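Trainee: What shape does this take:
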Amino acid sequence: MEPKNTDLQALLHYNRPKSTPIEPAKPEVFHQPYRAASVVPTMANFAESEFSAPRDANETTPLVNMEQSRASSLLGDDMEESIDLKSIKDYFSLRNYKMILRHTKIGILLCIAVACCMIIMVNEEKEEDWHQLSVDNRAVKSLLINDTDMPLRLFLRGPVREATRSQNVSQTKNLKISISTLQNTWELIVDDDLVANEGFLESTHKFEGDTSDVTVTFQSDTDESVPLLWKSLNADSDKIIYAALVLVFVYALIVFELVHRTLAAILGSLSAIAVLAAYGERPTIHTIISWIDIETLMLLFGMMVLVSIFSETGFFDSFALQAYKLAKGQVWPLITILCVFSAVVSAFLDNVTTVLLLTPVTIRLCEVLNLDPKNVLIAEVLFSNIGGTATAIGDPPNVIIVSNSEMKEKGIGFANFTGHMFVGILMVSVAGYALLRFYYRKMSSLTNKDPPEIAELKHEIELWKRAAARVSIATREESIMKALFMQKAAQRENALIRKMYRQKRTERKDFVQNVAELERKYYITDQWLLVKTGLVLVAVILVFFLHSFIDDMHIDLGWTAIMGAIVLMVLADVHELESVLHKVEWATLIFFAGLFVLMKALDELQLISWIGDRISDVIRDVDADEKGKLAVAILLILWVSAIVSSFIDNIPYTTAMVPVLIQLSEDESLRLQILPLTLALAFGACLGGNGTLIGASANVVCAGIAEQHGYGFSFREFFKVGFPMMLVTNVVAMVYLLLCHVAGDWNYP
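Mentor: A predicted model of the protein is given here:
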């Protein structure tokens, strides 16, 4: 039975643009041949045109029976005439609160952006204010810093490093730094290797007090002259407040989806730079560029190019089919395989690389099984972050900890660090998988509500509409392309209407029938390209793995990915470079660039160092025995690291916390071992990345690729699963640390 007109109107209402009112169909609206910007061939000769798209003989598409003048847009003048005055009044009435809220949002964000731009414009750039100083042999040198509010943070660059408790200070070459009227001495050791190689380290120390004129005294007991660079910075509490407000502003934009997350990161970095400029510390453009982690962007870009070429071989389709056969068509065995594989690979490779390779395969698998890819992708990226925590090379915070020279001197190396972390991650993984099974205990939360044919049609319509929206009408070819995309979307909408009303209940196909049907659809399309791409990918992954063990390999991950992409483009004989670059997630790359600038600006505003100082102060104020202080230190470092890393990038946080841990372990009154503190920082910083969408780089990359395929998930969708996962996994890590390092006294490397 044919659907009634009212039903058809309801379906058209479901797919119409939100601002278009429903009206009874007018036969006279679609009469003339359709021309897009007077370029698209008319329907009289469109069938013979080289631009003709495949079309069902029974389909009637409104777009192809329209005519449009040169000056009109693709919507058409006739469609515009169908909007009556009442609809216009309703659209612009005060009752349309969504429009009011949207315009209010635009106005507020515009005012903020303009205000930030004005603040930056009226303040001059400030170069880094480093002062040169040379402390002569066995001499005392004093410097007067006028009009300085306390507390004061002193930064020092030179061939010096902080003393460790295991070293005999009396037998070393010392550099003592003190401030008049304060009973606080900062003691450093002159490093002979740095002096010989003309190298330097950057150290920082905070002096507390209440004086405005500060005299800094440098005293050396060495026979050599020690060259130094120094600068001072006031620990102004107002900066910290403004930095926190900027962070809240960025998260409000992302959580409530007021703007795209890339634009939110850009607005946040602009606001943070404006705050710095207001305090007379506006960074130069060269400084801002230096804040961007170019290596990470190179890694992402290179791997995106590799994956985009790899996808043209049909490997992802074929691999999805083989995984479907292996799991016997069952959902949970397949999800388990994906999660375990993601965790294991991420333990030895960068988890961003793992997600880049697995996300396309996972999306194809979900399409085969008629699953919602969003939930499966979220589960996969969560376990990627968990697996990366297990080793010293799996996650950037672990790399920062193990590569620190002072950590190495204290016995924190690759083997013992990985051994302690691996045992804990085994327990964490079991708890995380149990939570995942509980959260998705109903299969309806994993599967699509529509039958496979309906779900595929809806997804195809969405992709055609997105493709049309991305085309700007600047040339004749682009006008034709946009018209074809719109026509194809309308064709598939008509097909969807017929499918939804004519679909009958059919018998469920068995596993063998599904496999036979899938084998006809999914297969390797280009075997030679698959061989070339496979060789390059294996070589790149091998270099990734060996990079952490061979010191003579003077090449980082970013360079490896870029060189692999160049070699593959040469081997694949790529002529249409635009088709490859079109698959690169440029929005994700720009988001990371904006995020790096934002986090570094917050660091310059002393927000991150303030968090580290508060942790240190609380631990020092604990009135308990040695084990009690250790338990408090583990709990505080673990949970603060987890919460903070959920909302800010864990790389600058870990970098700021490593010196804090070293200072705590050097405090004779506390007598805390460095190993449990380090493990608490690693667990918290790595597992905390699962808390929010932008807590870890892999989360953002996965969301970007999923959005490119038409299955993007929002901040809130990720938060519903990720934040409980973060809480549960950190509880398990807390129990593990307390049992092994407080009750069990496993505190030595």
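
Trainee: Just after the longest strand anywhere in the chain, pick out the following helix or strand.
Mentor: The strand spanning the most residues in the chain, taking DSSP state E as the definition, is strand 226-234. Proceeding N to C from strand 226-234, the next assigned helix or strand is helix 237-255, under DSSP states H and E.

Trainee: can you give me the helices for the stretch 401-550 of the chain?
Mentor: Taking DSSP state H, counting those that start in this stretch, the helices of the stretch 401-550 of the chain run over residues 405-409, 414-439, 452-470, 476-502, 511-521, 527-547.

Trainee: Check the ones you listed for me and report the most buried one.
Mentor: Across the helices of the stretch 401-550 of the chain, the average number of neighbours (mean count of other Cβ atoms under 10 Å) peaks for helix 476-502, which reaches a mean of 19. Placement of C-beta: from N, CA and C, glycine included.

Trainee: Could you give the average pLDDT over that helix?
Mentor: Across helix 476-502, pLDDT averages out at 72.

Trainee: and Leu156, helix, strand or coil?
Mentor: Of the three states, Leu156 takes strand according to DSSP: H, G, I helix; E, B strand; the rest coil.

Trainee: For Ser429, see how far away it is.
Mentor: Per Cβ to Cβ, to the nearest Å, Leu156 is found 43 Å from Ser429.

Trainee: next one: Pro373
Mentor: Distance of Pro373 to Ser429, given as Cβ to Cβ: 22 Å.

Trainee: Repeat that for Ile273.
Mentor: Separation of Ile273 from Ser429 (Cβ to Cβ) stands at 41 Å.

Trainee: Endpoint to endpoint, stretch 319-337 covers what distance?
Mentor: Distance across stretch 319-337, first residue to last, is 13 Å (Cα to Cα, to the nearest Å).

Trainee: buried set for that stretch?
Mentor: Using 16 or more other Cβ atoms under 10 Å as the test for burial, stretch 319-337 gives 319-321, 323-324, 327, 329, 331, 334-336.

Trainee: Same check on stretch 98-115?
Mentor: Leu109.

Trainee: Using CSV, write out every CA atom in it.
Mentor: Coordinates of each C-alpha in stretch 98-115 appear next as CSV, following Å, rounded to 0.1, in the frame of the first residue of the first chain:
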residue,chain,number,x,y,z
LYS,A,98,16.9,28.8,19.6
MET,A,99,17.5,31.6,17.2
ILE,A,100,17.8,34.1,20.1
LEU,A,101,20.2,31.9,21.9
ARG,A,102,22.3,31.3,18.8
HIS,A,103,22.5,35.1,18.1
THR,A,104,23.3,35.7,21.7
LYS,A,105,26.1,33.2,21.6
ILE,A,106,27.5,34.8,18.5
GLY,A,107,27.4,38.2,20.1
ILE,A,108,29.1,37.1,23.3
LEU,A,109,31.9,35.2,21.5
LEU,A,110,32.3,38.1,19.1
CYS,A,111,32.8,40.5,22.0
ILE,A,112,35.3,38.2,23.6
ALA,A,113,37.3,37.7,20.4
VAL,A,114,37.3,41.5,19.6
ALA,A,115,38.3,42.3,23.2
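
Trainee: can you pull out the strands in the stretch 151-300 of the chain?
Mentor: For the stretch 151-300 of the chain, the strands defined by DSSP state E, counting those that start in this stretch cover 152-158, 160-162, 174-179, 185-190, 201-207, 214-220, 226-234.

Trainee: just so I know, which of those lies nearest Ala698?
Mentor: strand 201-207 (29.1 Å; Cβ to Cβ).

Trainee: Measure how the closest one sits relative to strand 185-190, angle-wise.
Mentor: 170 degrees (axes from the mean of the first three to the mean of the last three Cα atoms, to 10 degrees).

Trainee: Off-centre distance for strand 201-207?
Mentor: Relative to the centre of its chain, strand 201-207 is centred 30 Å away, using Cα atoms, centre = their mean, to the nearest Å.

Trainee: Name the residues of it that come out as buried.
Mentor: 201, 203, 205-207.

Trainee: which among those gets closest to Val536?
Mentor: Nearest to Val536 among the buried residues of strand 201-207, counting by Cβ to Cβ, is Leu201 at 38.2 Å.

Trainee: Hmm, the closest one is touching Leu194, no?
Mentor: Yes - applying Cβ atoms under 8 Å, one finds Leu201 in contact with Leu194, separated by 6.8 Å.

Trainee: ok, back up a step: pick out the most distant pair among the buried residues of stretch 319-337.
Mentor: Leu321 and Thr336 (18.4 Å).

Trainee: Domain ranges for the protein, per the record?
Mentor: 5-93+454-502, 98-125+242-282, 131-235, 296-453+510-582, 588-743 (automatic domain parsing).

Trainee: Dump the ones you listed into a markdown table; add distance to Ser290 as well.
Mentor: Output for the domains of the chain, formatted as a markdown table (distance: least, Cβ to Cβ, whole Å):
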| stretch | distance to Ser290 |
| --- | --- |
| domain 5-93+454-502 | 33 |
| domain 98-125+242-282 | 14 |
| domain 131-235 | 14 |
| domain 296-453+510-582 | 13 |
| domain 588-743 | 9 |
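
Trainee: Highest mean neighbour count out of the ones you listed?
Mentor: domain 588-743 (a mean of 21).

Trainee: Between the two ends of it, what distance do you get?
Mentor: OK, domain 588-743 end separation, Cα to Cα: 45 Å.

Trainee: next one: stretch 395-411
Mentor: Across stretch 395-411, first to last residue, Cα to Cα, it's 20 Å.

Trainee: Lowest mean pLDDT among the helices and strands of the chain, which one is it?
Mentor: Lowest on mean pLDDT, DSSP states H and E among the helices and strands of the chain sits helix 43-46, with a mean of 38.

Trainee: what lines up beside the longest strand of the chain in the sheet?
Mentor: strand 131-135 (antiparallel), strand 152-158 (antiparallel) (DSSP bridges).

Trainee: just how off-centre is the longest one within its chain?
Mentor: If you compare the mean C-alpha spot of strand 152-158 with that of the full chain, they lie 32 Å apart, counting by Cα atoms, centre = their mean.

Trainee: Can I get the strands of the stretch 151-300 of the chain in a markdown table including distance to Cys702?
Mentor: Listed next are these as a markdown table, based on distance: least, Cβ to Cβ, whole Å:
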| stretch | distance to Cys702 |
| --- | --- |
| strand 152-158 | 37 |
| strand 160-162 | 39 |
| strand 174-179 | 47 |
| strand 185-190 | 44 |
| strand 201-207 | 34 |
| strand 214-220 | 49 |
| strand 226-234 | 38 |
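
Trainee: Would you single out the least confident of these?
Mentor: Across the strands of the stretch 151-300 of the chain, the lowest-scoring stretch is strand 174-179, with a mean of 62.

Trainee: Cheers, nothing more for now.
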